[in-house]
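**Q** quick one: sequence plus predicted model below, questions after.
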Amino acid sequence: MEKLRILAESAKYDVSCSSSGTVRKGKQGMVGSTVGGVGICHSFADDGRCISLLKVMLTNYCMYDCAYCINRRSNDIKRATLSVSELEEITMEFYRRNYIEGLFLSSGVVRNPDYTMERLTAIARDLRTVHRFNGYIHLKGIPGCSQELLNEAGRYADRMSVNIEIPKEASLKLLAPEKDHQSVFQPMKMIQQGVLENKEDRKKYRYAPRFVPAGQSTQMIVGATKETDKDILLMSSMLYGQPTMRRVYYSGYVSVNTYDPRLPILKQPPLVRENRLYQADWLLRFYHFKVDEIVDDQHANLDLEVDPKLAWALRHPAYFPVDINTADYEQLLRVPGLGTKSAWLIVNSRRFNRLTSFDLKKMGVVMKKAKYFITCNELTSQFSQPIIGINEMRPERLRPLLISKAQQKRAAEERQLKLDFGE
């Protein structure tokens, strides 16, 4: 239990976990199953369930000395290593007792990348073939390992991830001299190639074994280096251009190695900035935004006081107002307060009747924001005066009305933590 406590504590800084996106139906002779589209690591499923995952490292010994990592070689921390059989036993006993619904397994790099990846692969293989484990498995790919090991691991894992950590290679070399982007992108390409080849095989052979059916994910650290939000989002956009990349995670830098002069000293992680990056990531994936629309040379960092979509709307008042009874789906997605679901409901409902603000409220539209950017050809809910939009009020006057005092306080605290990364 002491080993498990140490290794679970060491694993908590890796946030590149997500819903499995895959289904493993119960099979005769196998233990358990997975439900499609559910989250892991104490996240919430679509139906509101909280899903638990055994998130642990095989060992927190590491041959690398990355400045941002708690498990770096030069740190004087408690070290522990689980054997392959010990980790398999813990996973199965937790799973049988319904403590967990899957396994997220990573490791420090010991001896060499192939040795570490071979042990991770052995655990996944034994869980599937010896213990007949049919639950969710997320494996961490080790940069620099061989393609043969990645191919074998992909046959047993539902999802694999290789962390980029820093979006620019110059900054990565500064904080982790033993790493480079090539060592990270190479296993990503190998996993992608395996997934695409497996899709072709399954078209020809119905019962061909699956290869990483839930795709791959990665993580970037926010606030440890001088990269702007534009740099981070450009890297994310490039990664989402790959057919097998499912999620890019953003981890606010935690000051775990305060003695290293290469790192900023922060009282707390930049959580507001991290949240804005997730919101911008959502706009890239589901709202048809491009990176240069969210951030540009004049606004290289995201606005901490308002969400990225509202910030875009305030910078482009000429785009509004949008008539909800005539605008197409893509135009509706750009209105603050409207989400993908409410935009879809608007497009489908207005075929039968002209929509009013009362209808929009029933659809879940956030009218506190949306009312300044839309028109319904009607009066306000009080029926006393016409709706005043962004062009009548001007963006500089409208902005304070849309920012709560709590948001202003959080943004002010975040700005106090900003440091100037001088050369």
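**A** Thanks, I have the structure now.

**Q** so for the residue nearest to Y287 when sequence neighbours are not counted, what's the pLDDT?
**A** Once flanking residues are discounted, Y287 sits nearest to L333: 4.8 Å by C-beta to C-beta, 6 or more residues apart in numbering. Quick note: C-beta positions are derived from backbone N, CA and C, even for glycine. In this model, L333 is scored at 95, pLDDT.

**Q** quick one, strands of the stretch 201-350 of the chain?
**A** 216-222, 245-252, 322-323 (DSSP state E, counting those that start in this stretch).

**Q** in TSV: those strands, plus mean pLDDT, mean neighbour count and distance to M1.
**A** Putting the strands of the stretch 201-350 of the chain into TSV (pLDDT from 0 to 100; neighbours: other C-beta atoms under 10 Å; distance: least, C-beta to C-beta, whole Å) gives the following:
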stretch	mean pLDDT	mean neighbour count	distance to M1
strand 216-222	91	23	28
strand 245-252	90	21	27
strand 322-323	90	16	58
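
**Q** which one, of the ones you listed, ends up nearest to I123?
**A** Smallest distance to I123 across those (C-beta to C-beta): 18.5 Å, for strand 216-222.

**Q** relative to strand 245-252, how tilted is the closest one?
**A** Using axes from the mean of the first three to the mean of the last three C-alpha atoms, to 10 degrees, the direction of strand 216-222 lies 20 degrees away from that of strand 245-252.

**Q** list the contacts of the residue nearest to Y287.
**A** Counting by C-beta atoms under 8 Å, 6 or more residues apart in numbering, L333 touches 287-288, 340, 343.

**Q** circling back to that earlier point, mind putting the strands of the stretch 201-350 of the chain into TSV with distance to A124?
**A** Formatted as TSV, the strands of the stretch 201-350 of the chain follow (distance: least, C-beta to C-beta, whole Å):
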stretch	distance to A124
strand 216-222	15
strand 245-252	19
strand 322-323	50
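
**Q** run through this structure and note the low-pLDDT ranges.
**A** Applying pLDDT under 70 to the chain flags residues 15-51, 377-387, 405-423.

**Q** what's the closest residue to R354 other than its chain neighbours in contact with, if anything?
**A** Once flanking residues are discounted, R354 sits nearest to N325: 5.3 Å by C-beta to C-beta, 6+ apart. Residues in contact with N325 (C-beta under 8 Å, 6+ apart) are 350, 354-355, 376-377.

**Q** pick the one among those closest to R202.
**A** Closest to R202, out of all of those and judged by C-beta to C-beta, is R350, at 40.7 Å.

**Q** confirm for me that that closest one is in contact with A327.
**A** No - the criterion here is C-beta atoms under 8 Å, and R350 misses it with A327 at 9.7 Å.

**Q** check contacts around C62.
**A** C62 neighbours (C-beta under 8 Å, 6+ apart): 69, 71-73, 108-110.

**Q** repeat that with 6 Å
**A** 71, 73, 108-109 (C-beta atoms under 6 Å, 6 or more residues apart in numbering).

**Q** for the residue nearest to it when sequence neighbours are not counted, give me its contacts.
**A** Of all residues not flanking C62 in the chain, G108 sits nearest, at 3.3 Å (C-beta to C-beta, 6+ apart). Each residue near G108 by C-beta under 6 Å, 6+ apart is listed here: 59-62, 71.

**Q** and the gap between G108 and S85?
**A** Plainly put, G108 is 19 Å away from S85 if you go by C-beta to C-beta, to the nearest Å.

**Q** re earlier: so R350 and A327 - more neighbours on which side?
**A** A327 (20 against 15; other C-beta atoms under 10 Å).

**Q** now that one: how far from P336?
**A** A327 is 14 Å from P336, by C-beta to C-beta.

**Q** can you list the contacts of G108 in JSON lines and add distance to E101 and secondary structure?
**A** JSON lines is the format used below for the contacts of G108 (distance: C-beta to C-beta, whole Å; DSSP: H, G, I helix; E, B strand; the rest coil):
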{"residue": "T59", "distance to E101": "24", "secondary structure": "strand"}
{"residue": "N60", "distance to E101": "24", "secondary structure": "coil"}
{"residue": "Y61", "distance to E101": "28", "secondary structure": "coil"}
{"residue": "C62", "distance to E101": "28", "secondary structure": "coil"}
{"residue": "N71", "distance to E101": "26", "secondary structure": "coil"}
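
**Q** max-length helix in the protein?
**A** When the chain is parsed with DSSP state H, its longest helix is helix 181-204.

**Q** mind listing the helices for the stretch 301-423 of the chain?
**A** Secondary structure of the stretch 301-423 of the chain, counting by DSSP state H, counting those that start in this stretch: helices at 308-315, 329-333, 340-349, 357-362, 367-370, 390-393, 395-401, 405-416.
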